[in-house]
Structures are given as structure tokens and as C-alpha cells.
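Enquirer: next input, structure requested:
(one chain, ligands or ions: 2)
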Amino acid sequence: MPPHSVPPVVVGVDSSTQSTKAVVADITTGRIVATGRATHHVTGDAGARESDPEQWWTALCDAVAAALKESGLPGGAVRGIAVAGQQHGLVVLDRSGRPLRPAMLWNDTRSAPQAAALTEALGGPEAWADRTGSVPVAAVTAAKWRWLRENEPRTAESAAAVRLPHDFLTERLTGTAATDPGDASGTGWYATRTATYDPDVLRLLDLPAGLLPAVAPTAGARVGTLTRTAAEDLGLPEGVAVAAGTGDNMAAAVGLGLGASGLLDHPVLSLGTSGTVYAATRTRPVSPAVSGFAAADGTYLPLACTLNCTIAVDTIATLLGLHRDDTAPGGEAVLLPYLDGERTPDLPTASGLLTGLRRTTTPQQLLGAAYEGATVTVLRALDTLLSICGLDHTTAATRPLRLIGGGTRGRTWVNTVHRLSGRHLILPSTEEPVALGAAALAATAATGEDPVSLSTTWQPPTFRELPPMERDMETWTRITSVLDKATPTLLA
Ligand SMILES: Nc1ncnc2c1ncn2[C@@H]1O[C@H](COP(=O)(O)OP(=O)(O)O)[C@@H](O)[C@H]1O
Ligand SMILES: O=C(CO)[C@@H](O)[C@H](O)COP(=O)(O)O
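Expert: Ligands and ions are numbered 1, 2, ... in the order given. So this is what the prediction gives:
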């Protein structure tokens, strides 16, 4: 193909907990031309969850190479690249940019005592929410840094750089240390009130600001171009524009066009390793009950996240020897699948809880009860989030809920969310909203266009819609009342 007829494309990367996905998208229409995928590993037990950042880099290179190969396009067609990554992970590097230890991930709960101590040290939950937008929980990077300082002081002392997962990968691409406000707002040391690193928090953490990357003004800002080494590793030309990138949830919001005025306050539920609910707002969220994150584009992304979603339910299916869709509604059985502790509600040392068993209870009902327990947990967080955003239930109920993430491939997930929310559900046609959002950020870095307007014009058609239905309040009440009664035990 002669060079002038090669359509310009961008590459968007989603480096999330279990795998890396890359899309090659047409820079003008946002049409996904090809996708590539590579897995990476999470290790650890007893609250530990770690991954090797070098594996993320290898997976990124493999996923991009696979997507390019599928596209049939030469590397020279690529104009920009951006990475969206799992939030909160703590990456500590030596002077040459090599990881000093595996990254501690967002779902590593060993840092729960450090989170509680930090919350107290700076005036309690309200003070933290007012300052940084969020209250430290085990997930937050600040708690992980403090854990490292207390448990592996020599590693913390020798750290030459501290990064989030997506910053680490962006730096591998460009050689430049940069992050964005969205992912930075999940660290605990970035204040949404001032849109800067918070010097008081850094002092409290004994974390020198010089170890941190510069914060780009937006996730679509061009922070550099591909270095020669990165270009060789990826099979792309040197000089391709690289955007700051962002956290995976912020990128999905871009991919779904959420910052556009017509979609402000429209909620999203993501069914992945984590269950997340969020909505794009123009008002800075200040409530201890949600994570008041910054979005990719200067708006905000109040969010709540559960630790036990698709993997927890798949684990119960495996225990029962059932296929994940061989289920029935739980009946009297209630199963709270808090296998890895829980983040929302904040029960970091909780374990799974099963009650309401009868002689007649079937394995299919038990699996159905696990779906219901995970779904009610995340939907309850959604109700809280919407009321904090000033959307009473009546107004909120009229807004459709966008459902994304790997779980949407399973009919039981979709049916359970529909039955227990009663909401009008929209399943976007793109299977990769995070990578598509990253591609819009890449296009911004390459062209200077606004990523949200861009992704709004790129919008893929709706894949499937389910109309509102009567909410299954009987199941809802049974599960929430078990959760409320069990909370003191689950806290212990
Ligand atoms: N056909 C399916 N039915 C139900 N769940 C599925 C299906 N395919 C994948 N999943 C779920 O999707 C999850 C991965 O979702 P994904 O959003 O990619 O996760 P993450 O972003 O956390 O890496 C897996 O844990 C798996 O349980
Ligand atoms: O911690 C959060 C949000 O605050 C998680 O949503 C992570 O960002 C991981 O996402 P997935 O890998 O589950 O998509």
C-alpha cells in the first residue's frame, strides 16, 4: 500500500488487573480496526496481591504487536499511543527504571492498618475527603507506601522513583516521568482541592516529591514521543506521540463519552476483577462515602469500587463444579462473596459469608446467591454515589445504567444486575471501552482535539438495551439485612 493511502490510526492500551488489551483505532472515526490481548499474572495470598511490572511491559508489547498484525497496517500508520492502567498500584523503581520489587496492587489489603492510621493522622475521614477527595483505604497508594516503609524499609529507602502502573508504562514509552490528575487522584497524595500533590500528605508519608512524576494538565496531554528502544520493542516508528494516559476507570469514562454534557451524571457499572460504579460530574465530590477522583478531562469521577466481583463469583462456580451460567436465583440462601476482604463496604479482613441454607438448596441457587451478593454490594454503592451526586432515586432511576467489563459477556451477570437494579441498562457495543478511551487520549496527543468531544463523535452504537423493570426488592432486602447484621462480625 503506498504511504499516502494508509489510514492514520492510534493505539489505546488497557493494562488492567488480569490482562492487557490494545486496540488500533481509526483516528478520524474511532472505528476499532483490530485488537490484541496478552495476560499477566497476579500472585499472593493472605491479603497480598502483586504483579511484576516487567510483565506488564512485555504484555503491552505483545498486545500492541498482535493488534497491529491483525490490522494489517504498517507501524508507520500509527500517530499516537496512550496507556490506561489499573489504578492505585505501587511501583517502586531503582535509578535505571527497574522495579525494586513486584508492584503492590489495588486489591492488596495488607495496607489496611496503615490506611486507618493515615486517616486518623490527618484529621479523620471528612478532612481527607475535603483535601484529597478520598479517604485512605487499603487500596490507596499512600497506604501501600506506608506499608512498604514499615515492612520493607530498605526497599523504600532505596526507591529512586515511585509510580502508578500506567505512569510506569508511559515512562517506558517516552523516557519521561509523567502522570495525569485522574490516576494521581487515587494515590492519596494528590489533592483534588488544589489539583497538586499535597505537601502535608507527602510529609506525613515521608515521601519526597522528587520521587514522583510531574502531573500533566490532562490525560490527553502529549508528554513525549516513543523512544528508540520503545519503538523497537513495539515495532513502531520513533517519534509517535504519547499521551499522559490515565487510570482504567477514567479512560472508560472517556471511551463512553461521559464528560459530554448530555451524559454528565449518567452512571456506569463495570463488572471486572473489581466492581466499580461511577458518574462524570462537574462538581468536585467531597464525601467520605465515595472516592472523589478527578476525571481525565478536568471534570470529576466520583467512584465506588468493590473487591469481589467476577473473580469471586468464578471462584464459587469452580468450588461448586458449575459453569458460570449454570445458576438459579438464590432463594433463601444469601452468599456475600467477600473472599478477598472487601473495600465497599470497607471490610478489609472480611471473608465470605453464607447463610439461609436449607436441605432443598441447590448448587445452582448457591451460585446464584454469589452473583446476587456481589451485585447487591456494588448496586448499593451506586445508590450511595448517586445520592451524593445530588440525584435522588427518582431522578437517578430515569437515567440508564451503562454496563461494561468482562462480566457483561455472561448472561447471569446482566440478568442479575437488571433484576436487582430495576434499571434501564445499556450495553455499549464496544467490548473495550477502556482501550477505546485510551485511543481517544492518543488521538488528542496526536491532533490536539478534545478527547471527550472526539470520543463522543466516535461513539459506537448501543449493542443492547434492557428496559426498566420492577426491582426485586425481596432479594435486595434479604441480602442488605444480612450484610447490615453481619458487618460487626465481618469487621472483626
Ligand atoms: N463469557 C463470560 N461470562 C461471564 N464472565 C466472563 C465471561 N468472559 C469473561 N468473563 C469475566 O470477565 C472477567 C475479566 O473482566 P475484565 O473487565 O477484562 O477484568 P479486568 O479489567 O479486571 O482485568 C473475568 O474475571 C471473567 O470472570
Ligand atoms: O481500584 C480500582 C478503582 O478505584 C479498580 O477499578 C482498579 O482500577 C482495577 O480495575 P480492573 O482491573 O478491575 O478493571
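Enquirer: my guess is Leu205 meets Arg146, correct?
Expert: Yes: counting by CB atoms under 8 Å, Leu205 touches Arg146, with 6.1 Å between them. For the C-beta atoms, the positions are set from N, CA and C on the backbone; glycine is no exception.
Enquirer: so for the two, which residues contact both of them?
Expert: Leu118 (CB atoms under 8 Å, 6 or more residues apart in numbering).
Enquirer: okay, buried residues for the lengthiest helix in the chain please.
Expert: If you go by DSSP state H, the chain has its longest helix at helix 363-388. Under the neighbour-count criterion of 16 or more other CB atoms under 10 Å, helix 363-388 has 363-382, 384-386, 388 buried.
Enquirer: which elements pack onto that helix?
Expert: strand 268-271, strand 275-278, strand 300-306, helix 310-320, strand 334-336, helix 393-398, helix 411-421, helix 473-491 (3 or more CB pairs under 8 Å, 6 or more residues apart in numbering; DSSP states H and E).
Enquirer: please see if the second one touches ligand 2.
Expert: Yes: applying CB under 6 Å from any ligand atom, one finds strand 275-278 touching ligand 2 at Thr276.
Enquirer: and the protein, which residues reach ligand 1?
Expert: Residues of the chain lying close to ligand 1 (CB under 6 Å from any ligand atom) are 16-19, 272-273, 310-311, 314, 324, 405-407, 409-410, 413.
Enquirer: poorly predicted segments of the chain, please.
Expert: 1-4, 262, 392-397, 460-462 (pLDDT under 70).
Enquirer: around ligand 2, pick out the residues from it.
Expert: Residues of the chain lying near ligand 2 by CB under 6 Å from any ligand atom: 16-17, 86-88, 106, 139, 186, 247-249, 272-274, 276, 291, 303, 305.
Enquirer: go with 8 Å
Expert: Within the chain, the positions lying close to ligand 2 (CB under 8 Å from any ligand atom) are 14, 16-18, 85-88, 105-107, 139, 186, 247-249, 270, 272-274, 276, 291, 293, 303, 305, 309, 343, 405, 434.
Enquirer: strands - which of those land there?
Expert: Mapping the residues of the chain next to ligand 2 onto strands (DSSP state E) picks out Asp14, Gly85, Gly247, Ser270, Thr276, Ser291, Phe293, Leu303, Cys305.
Enquirer: from what I can see the fifth one touches Pro267, true?
Expert: No: between Thr276 and Pro267 no contact is recorded; they are 10.5 Å apart, counting by CB under 8 Å.
Enquirer: what's the neighbour count on the nearest residue to Glu470 once chain neighbours are set aside?
Expert: Leaving aside its chain neighbours, Glu470 sits nearest to Gly422 (5.9 Å; criterion: CB to CB, 6 or more residues apart in numbering). If you count neighbours by other CB atoms under 10 Å, Gly422 ends up with 18.
Enquirer: now do Gly422 against ligand 1, distance only.
Expert: Per CB to the nearest ligand atom, to the nearest Å, Gly422 is found 22 Å from ligand 1.
Enquirer: hang on, the earlier thing: now the helices and strands packed on helix 363-388 in CSV, with distance to Val10 and mean neighbour count?
Expert: Listed next are those as CSV, based on distance: least, CB to CB, whole Å; neighbours: other CB atoms under 10 Å:
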stretch, distance to Val10, mean neighbour count
strand 268-271, 23, 26
strand 275-278, 24, 27
strand 300-306, 22, 26
helix 310-320, 28, 19
strand 334-336, 42, 26
helix 393-398, 35, 13
helix 411-421, 30, 21
helix 473-491, 43, 15
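Enquirer: nearest to Ala221, of the ones you listed?
Expert: Smallest distance to Ala221 across the helices and strands packed on helix 363-388 (CB to CB): 17.4 Å, for strand 300-306.
Enquirer: about what we covered before: in TSV, list the helices and strands packed on helix 363-388 along with distance to Leu122.
Expert: Putting the helices and strands packed on helix 363-388 into TSV (distance: least, CB to CB, whole Å) gives the following:
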stretch	distance to Leu122
strand 268-271	30
strand 275-278	25
strand 300-306	21
helix 310-320	32
strand 334-336	31
helix 393-398	32
helix 411-421	36
helix 473-491	22
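Enquirer: any idea which of these gets closest to His41?
Expert: Checking these against His41 by CB to CB gives helix 310-320 as the closest, at 13.2 Å.
Enquirer: what angle separates the longest helix of the chain from helix 473-491?
Expert: Helix 363-388 runs at 90 degrees relative to helix 473-491, counting by axes from the mean of the first three to the mean of the last three CA atoms, to 10 degrees.
Enquirer: angle of helix 363-388 against helix 310-320?
Expert: 160 degrees.
Enquirer: ok, the nearest residue to Ser351 once chain neighbours are set aside - contacts?
Expert: Counting by CB to CB, 6+ apart, the nearest residue to Ser351 once its immediate chain neighbours are dropped is Tyr338, at 6.3 Å. Contacts for Tyr338 (CB under 8 Å, 6+ apart) come out as Leu307, Asn308, Ala312, Leu347, Ala350, Ser351, Gly352, Leu353, Leu490.
Enquirer: which residues does the closest residue to the first one other than its chain neighbours contact?
Expert: Spatial nearest neighbour of Leu307, excluding adjacent residues (CB to CB, 6+ apart): Arg343 at 4.7 Å. When contacts are counted by CB under 8 Å, 6+ apart, Arg343 touches Asn107, Val137, Ala138, Ala139, Cys305, Thr306, Leu307.
Enquirer: please repeat the previous calculation with a cut-off of 6 Å.
Expert: Shown in contact with Arg343 (CB atoms under 6 Å, 6 or more residues apart in numbering): Val137, Ala139, Cys305, Leu307.
Enquirer: nearest to Pro74 among the residues you listed?
Expert: Cys305 (39.7 Å).
Enquirer: residues contacting stretch 247-267, please?
Expert: In contact with stretch 247-267 (CB under 6 Å, 6+ apart) are residues 16, 84, 86-87, 182-183, 276, 278-280, 295-297, 299, 301, 303, 399, 401-402, 433-434, 436-438, 440, 451-452, 455-456, 459.
Enquirer: identify the residue nearest Val277 in space, chain neighbours excluded?
Expert: Once flanking residues are discounted, Val277 sits nearest to Leu382: 4.1 Å by CB to CB, 6+ apart.
Enquirer: roughly how far apart are that neighbour and Gly210?
Expert: Computed with CB to CB, to the nearest Å, the distance linking Leu382 and Gly210 is 40 Å.
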